[in-house]
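Colleague: Generate a structure from the sequence data that follows.
(one chain, ligands or ions: 1)
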Amino acid sequence: MAVIGFGRSGFAAARLLSVHGAHVTVMDDKTPEKLNAWIEKAQGLSQVKLVLGGVDPTMTSNADLIVVSPGVPANHSALVRAREKGVPVIGELELAFGYCNATVLALTGTNGKTTTTTLLEMMMKAAGKKAIACGNIGKPFAEAVFELTADDMAVLEVSSFQLETIEEFRPEVAAILNVTPDHLDRYEDMQAYVEAKGRIFENQTKGDVAILNVADKYTPIYATLVKSQLYYFGFADLAAGTGREQKPGCYVKNGVIELLGRPLVKANELLIPGPHNLENACAAALMASLSGASDEAIAKTLREFKGVEHRLEPAGEVNGVRFINDSKGTNVDSVVKALESFSKPIVLILGGRDKAGDFTKLAALVKEKVTRIVAFGECKAKVVQQLSSAATVVEADTLEEVVNGAFVASEKGGVVLFSPGCASFDMFQNYEDRGRQFKAMVAKLTAQKAGKEAKV
Ligand code: UMA
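Modeller: The predicted structure is shown next:
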């Protein structure tokens, strides 16, 4: 068997296969020097061979099964060749599903996945269940299956990349949170991206549950695909007149979250900011309730949850300016959500590796709330080109210049919002690395300012 991609997902797939007695060849386009950490970890695995520095199409087309990592695109030449030869290609999600006895709760969406997955895991734990958040959130599903039994719950964050390569994956409860343009560097068009996400419902049957955002643009399309019991969540008034807002679900109504018709918590009791987080809370509450959690367990979790790292995360305050780490904001829509969560004056930090995002969609909010934009990374010229008419845009090269430049431009009582709206891979290992480096830079600035004040 062949595993393509030797990162988190590929390593977990290779380990799962190896533990079950398969002979596995793991391939990666990166050279061994760049994969040292994984090479070391793989030394303990039996019957695993590594072929690094280029995925070999001859080897993949002779494999009996290929397990592909989500970051490897479907048009990779080795996959195209293998498919032409009739070799089955599945993703790590599909592989792990085959070894999973636990109940599977899964959710996808452009934004809010990690927050909602984390909330749902906490709600199920508060309800006395063993639940493990896994999948796109970071811990591969193929790793989590070792810890899950039939009484437990796999709480899966699922990406469109992972859904491209499913066959029998069938979550008992599945949700699509929202869909806005993202990953248009990978998909031919928006339709292809929308279709990939819709596959989360593909294998569901009558007894399963499907959950959709009552007011999302693509909900009517997804509703036609659903063969299971359909529920809705979100802002009921945004869907007024569609008839969907009358259907069973979890809604924000007059400042209260109502779960299946029962008042659950007041919207202002939540600690996580922004209207989008109320939607995330509704989705998690509904999924948890339909999976057996009590209203008490759900409400308690909603009142206590402080949010996830790198998602609108308070990163410190310097001279009355709040720094917010939203490194997980890797597409334009997530920047919209971040801007909606704070009032002006905001200094916005944007940039990184472009995913064919359209920054002009930010123009109205930028005009309303943003005093300056600091642009960095590969796509800073595009940020300048698309947003200079909405606000002054300054460019910076290093993260230190970015943070210092944003601080200089900020006002007391204001916010510096690090919500890059792009992928991180031009300058960082991943968004977590980017977020951690941002926080370290803010900590450095805090120490510098404190030092100066102490000297005065
Ligand atoms: N690779 C190749 N050839 C290629 C592309 C990649 O050989 O053409 C190799 C790379 O050299 C690298 C390996 O594949 O060594 C990386 O595989 P990967 O990109 O699938 O990354 P993993 O480390 O396995 O992490 C994956 C998910 N990554 C992606 O989908 C890009 C992680 O989601 C997920 O947490 C992890 O599996 C565990 O399930 C991250 C992500 O960025 C958070 N997701 C995207 C997003 O949220 O927008 C979808």
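
Colleague: Walk me through the domains of this structure.
Modeller: 2-87, 94-304, 313-455 (automatic domain parsing).

Colleague: Ok, which of the ones you listed comes nearest the ligand?
Modeller: Smallest distance to the ligand across the domains of the chain (Cβ to the nearest ligand atom): 1.9 Å, for domain 2-87. Every residue, glycine included, has its C-beta placed from N, CA and C.

Colleague: does any bit of that closest one sit next to the ligand?
Modeller: Yes - part of domain 2-87 sits near the ligand under the criterion Cβ under 6 Å from any ligand atom, namely 5-10, 28-30, 55, 69-72, 76.

Colleague: same question, stretch 339-356
Modeller: No - shown here: stretch 339-356 not in contact with the ligand (Cβ under 6 Å from any ligand atom), separated by at least 8.6 Å.

Colleague: if we can go back for a sec, most surrounded residue in the residues of domain 2-87 next to the ligand?
Modeller: S9 (30 neighbours; other Cβ atoms under 10 Å).

Colleague: got the contact list for that residue?
Modeller: 69-71, 91-92, 140, 142 (Cβ atoms under 8 Å, 6 or more residues apart in numbering).

Colleague: Could you save the domains of the chain as JSON lines and add columns showing mean pLDDT?
Modeller: Listed next are these as JSON lines, based on pLDDT from 0 to 100:
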{"stretch": "domain 2-87", "mean pLDDT": "96"}
{"stretch": "domain 94-304", "mean pLDDT": "97"}
{"stretch": "domain 313-455", "mean pLDDT": "95"}
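
Colleague: Now intersect the residues of domain 2-87 next to the ligand with the helices, please.
Modeller: Judged by DSSP state H, helices contain the following of the residues of domain 2-87 next to the ligand: 8-10.

Colleague: what ranges do the strands span in the stretch 101-250 of the chain?
Modeller: 103-108, 131-135, 153-157, 173-176, 209-213, 229-235, 249-253 (DSSP state E, counting those that start in this stretch).

Colleague: The fifth one: partners in the sheet, and parallel or antiparallel?
Modeller: The one in question is strand 209-213. Neighbouring strands of strand 209-213 in its sheet, by DSSP bridges, are strand 173-176 (parallel), strand 229-235 (parallel).

Colleague: Run through who's touching that strand.
Modeller: Taking Cβ under 8 Å, 6+ apart as the rule, strand 209-213 contacts 107, 109, 172-178, 201, 204, 219, 222-223, 226, 228-234, 249, 279, 283, 286-287, 290.

Colleague: From these, keep the buried residues only.
Modeller: Neighbour-count burial (16 or more other Cβ atoms under 10 Å) applied to the contacts of strand 209-213 gives 107, 109, 172-178, 201, 204, 219, 222, 226, 228, 230-234, 249, 279, 283, 286-287, 290.

Colleague: For the top helix by length along the chain, enumerate the helices and strands it packs against.
Modeller: When the chain is parsed with DSSP H, its longest helix is helix 431-455. Counting contacts by 3 or more Cβ pairs under 8 Å, 6 or more residues apart in numbering; DSSP states H and E, helix 431-455 is packed against strand 313-318, strand 321-325, helix 399-409.

Colleague: deepest of the ones you listed, which one?
Modeller: Of all those, strand 321-325 carries the top mean neighbour count, a mean of 23, counting by mean count of other Cβ atoms under 10 Å.

Colleague: Taking strand 321-325 as reference, get the angle to the next helix or strand along the chain from it.
Modeller: Counting by DSSP states H and E, the element after strand 321-325 in chain order, helix or strand, is helix 332-340. Calculated by axes from the mean of the first three to the mean of the last three Cα atoms, to 10 degrees, helix 332-340 forms an angle of 150 degrees with strand 321-325.

Colleague: Could you check the angle the next helix or strand after helix 332-340 makes with helix 399-409?
Modeller: Where DSSP H and E defines the elements, the next helix or strand beyond helix 332-340 is strand 346-351. If you take the same axes, to 10 degrees, strand 346-351 sits at 160 degrees to helix 399-409.

Colleague: Going by neighbour count, which residues in the next helix or strand after strand 346-351 are buried?
Modeller: Later in the chain than strand 346-351, the nearest helix or strand by DSSP H and E is helix 363-369. For helix 363-369, a neighbour-count test (16+ other Cβ under 10 Å) marks 365-366, 369 as buried.

Colleague: Could you dump those into a markdown table with distance to T149 added?
Modeller: Supplementary listing: the buried residues of helix 363-369 in a markdown table, determined by distance: Cβ to Cβ, whole Å:
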| residue | distance to T149 |
| --- | --- |
| L365 | 47 |
| V366 | 50 |
| K369 | 49 |
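
Colleague: Closest to M1 out of these?
Modeller: L365 (48.5 Å; Cβ to Cβ).

Colleague: check contacts around the closest one.
Modeller: Contact analysis of L365 by Cβ under 8 Å, 6+ apart lists 336, 339-340.

Colleague: now those residues as a markdown table including neighbour count?
Modeller: Formatted as a markdown table, these follow (neighbours: other Cβ atoms under 10 Å):
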| residue | neighbour count |
| --- | --- |
| V336 | 20 |
| L339 | 25 |
| E340 | 14 |
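
Colleague: Reformat the strands paired with strand 209-213 as JSON lines; add distance to the ligand.
Modeller: What follows is the strands paired with strand 209-213, written out as JSON lines (distance: least, Cβ to the nearest ligand atom, whole Å):
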{"stretch": "strand 173-176", "distance to the ligand": "15"}
{"stretch": "strand 229-235", "distance to the ligand": "21"}
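
Colleague: TSV please, covering the ones you listed and showing distance to L45.
Modeller: Output for those, formatted as TSV (distance: least, Cβ to Cβ, whole Å):
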stretch	distance to L45
strand 173-176	32
strand 229-235	42
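
Colleague: Would you report the backbone torsion angles of L65?
Modeller: When quoted as degrees, to the nearest 10, the phi and psi of L65 stand at phi -150, psi 140.

Colleague: got a list of what the nearest residue to it once chain neighbours are set aside touches?
Modeller: Nearest non-adjacent residue to L65, counting by Cβ to Cβ, 6 or more residues apart in numbering: M1, 4.8 Å away. Taking Cβ under 8 Å, 6+ apart, we find M1 in contact with 17, 22-25, 63-67.

Colleague: now do A175
Modeller: Contacts of A175 by Cβ under 8 Å, 6+ apart are 106-109, 116, 200, 210-212, 233, 283, 286-287.

Colleague: between those residues, which is nearest G329?
Modeller: Nearest to G329, judged by Cβ to Cβ, of those is G109 at 14.1 Å.

Colleague: between the strands of the stretch 101-250 of the chain, which one is nearest to S389?
Modeller: It's strand 229-235; of these, that one is closest to S389 (Cβ to Cβ) at 31.0 Å.

Colleague: any idea of the angle that closest one forms with strand 249-253?
Modeller: 20 degrees.

Colleague: Surely L278 and F235 touch.
Modeller: Yes - at 7.5 Å, L278 counts as touching F235 under the criterion of Cβ atoms under 8 Å.
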